[in-house]
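Novice: This is the structure alone, sequence omitted:
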């Protein structure tokens, strides 16, 4: 047993995912020895997931790369930081001189969202260098709902589920993807919470509430049918709708065409079930819809899905009240971004996605302004490189992500990355993307630097909260924090003034300047600092839309050439939209199912984690398995129009008979060999990989 007599316990937060759980890190003689949950943390309350439990194994993994490396004649060679910096910056300067700054693209993965320092410095480098082309994991999820809610409310509003009487989990499986939310819901169920789960799979949460097994890609139609019932039966909040919305009369007329009986044919959900959940949701106030991180975003109805859920919350009066959707008052943090006048690739094709409303929100005043979203849709990257339209992309820097596995159409992505003159990857491990690179730069783990923690907690959990992510150990090997790598690259390119920070503390102090919170105070408060929740903010400042009210009918959508009211569109591939293709590929594939033990493509090299979940699986209903003579545990082939991949069959009652579900992140069973970047939603350019046609067969 470990003797903890001389062990220091450092309270910090975990940055493996957006949950940002509080953890206690045990350190002995400068070495991390153990991780446990922080009991006093408001999100996880002492619980941690299998990923956090194995952080010691993660940090000290023998597979972790600890030195800068350069590929020469197809072989990796260890080099010094100076050699790496000079080699990379010389090549970047050459690309900028010959093709312009826009010839560099930057991709930031999931960690680039969870860790402010990584996100902020990658975007600062982008602006200082002068390229408009920045791609993030958020170009495939989440940002689209920010766009939709800005269109509707003029600001971002999200759930306050802790006080809800009814929760609708829409395409969300929190016991796996956000176990802390799953735990909260379990506690609320003991107090009488009404739970509705809309999902083709019978998830853990679905077993505890009313399960609605919907046809993938038809969520917008279901929501419109719920509005048909709520409005038709007078279950909406008449006073709130009259005073604080525009376009309700048009909505009333619009949803008449979406009767439960008609929508039953579209969604596979019975008219009786549609009426039941509509009445329950509208009457059990306060109620809160919590949508999944990628499930509704990665459909043809992407923006419209988020819009229609916003409208459901609005007509039932569940806006800015305890237990509904809440305007989260976040701490103002210094913005390190530097504007680039040139438009990014894709802005002409997806103008509404790029141009969105943003506000500087205070209790007494709110300033409306427009700005461009910093992210470009991932679906345009490969074609832009391969076709060199509208201009050549010659260089790529990837931080905190593995797009060779996680981006749609992996085969095309590899073709694109192999065409580039320079590829740099910052990571802890030799990922599939890093294997294709010219330079590998070893990044520190989040335990090896001070950071500003818990910022996603406000958006993800509805808790206005901030804490310091304390440094637990010194960087292992020659690894550097992500911010330092970006800053040093900038300085080597001659931008010393734009990157003046030399220490973690200087960076955090700069971030904190606008909010007036002292770093020392945060260091003293291991639990973090809360802002009070504020309700009915709209009564003080209204809504930052052109009308000053919630825009159910959106003139900005109409002017951009899109439906001003959410309208159901069939998936690009479906038995209805492509019946001939459906004859050849009769099943519906949903991809990207989360796995509690992993985060996207990460952690699969850790033996203890791999032991818990060793194989990539395809979930199949028993009747479907019997039809194809497939037995549980058998290796099968899942095939789409784009490609074919082998999976281990998991025969389960917990999925619809016509649906196959497979997770993402496995290199040896890469779901993105089955997806296409040409099948996108028309407003934001997000991939449609939640409702693809497929077929299965035995080997």
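Specialist: That came through fine. Source: prediction; values computed, not measured.
Novice: Which residue comes closest to residue 686 once chain neighbours are left out?
Specialist: Spatial nearest neighbour of residue 686, chain neighbours left out: residue 302 (4.9 Å); criterion: CB to CB, 6 or more residues apart in numbering. Any C-beta I mention is one placed from the backbone N, CA and C, and that applies to glycine too.
Novice: List the contacts of the one you found.
Specialist: 144, 296, 681, 683-684, 686 (CB atoms under 8 Å, 6 or more residues apart in numbering).
Novice: and the closest residue to residue 213 other than its chain neighbours, how many neighbours?
Specialist: Spatially, and ignoring its direct neighbours in sequence, residue 213 is nearest to residue 656 (4.9 Å; CB to CB, 6+ apart). Residue 656 has 22 neighbours, counted by other CB atoms under 10 Å.
Novice: Per-residue pLDDT of the residue nearest to residue 686, please?
Specialist: Looking at residue 302, its pLDDT is 92.
Novice: likewise residue 572?
Specialist: On the pLDDT scale, residue 572 is placed at 94.
Novice: That one - that's part of a helix, no?
Specialist: No. When classified by DSSP: H, G, I helix; E, B strand; the rest coil, residue 572 is found to be coil rather than part of a helix.
Novice: Return the distance of the residue nearest to residue 686 relative to residue 681.
Specialist: Per CB to CB, to the nearest Å, residue 302 is found 4 Å from residue 681.
Novice: Least confident secondary structure element in this protein?
Specialist: strand 355-361 (a mean of 42; mean pLDDT, DSSP states H and E).
Novice: would you list every one of the strands in the stretch 1-150 of the chain?
Specialist: 8-13, 22-28, 31-37, 69-72, 75-78, 104-108, 134-136 (DSSP state E, counting those that start in this stretch).
Novice: and for stretch 285-295, what are the contacting residues?
Specialist: By CB under 8 Å, 6+ apart, stretch 285-295 touches 18, 140-142, 145, 159-161, 163-174, 177, 181, 199, 281, 305-306, 309, 312-313, 316-318, 321-325, 590, 592, 690.
Novice: helix, strand or coil for the closest residue to residue 380 other than its chain neighbours?
Specialist: Using CB to CB, 6+ apart and skipping the chain neighbours, the partner closest in space to residue 380 is residue 346 (4.6 Å). Following three-state DSSP, the label given to residue 346 is coil.
Novice: For residue 346, which residues are in contact?
Specialist: 354, 376-377, 380, 685.
Novice: Give me the local confidence score for the nearest residue to residue 471 once chain neighbours are set aside.
Specialist: Excluding its sequence neighbours, the residue lying closest to residue 471 (CB to CB, 6+ apart) is residue 450, at 4.8 Å. Note on residue 450: pLDDT of 92.
Novice: What of residue 565?
Specialist: pLDDT at residue 565 comes out at 98.
Novice: And for residue 581?
Specialist: pLDDT, residue 581: 96.
Novice: ok so, going back, quick one: which of the contacts of residue 346 sit in strands?
Specialist: Using DSSP state E, no member of these falls in strands.
Novice: now the residues you listed as TSV including neighbour count?
Specialist: TSV is the format used below for these (neighbours: other CB atoms under 10 Å):
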residue	neighbour count
354	23
376	26
377	25
380	20
685	22
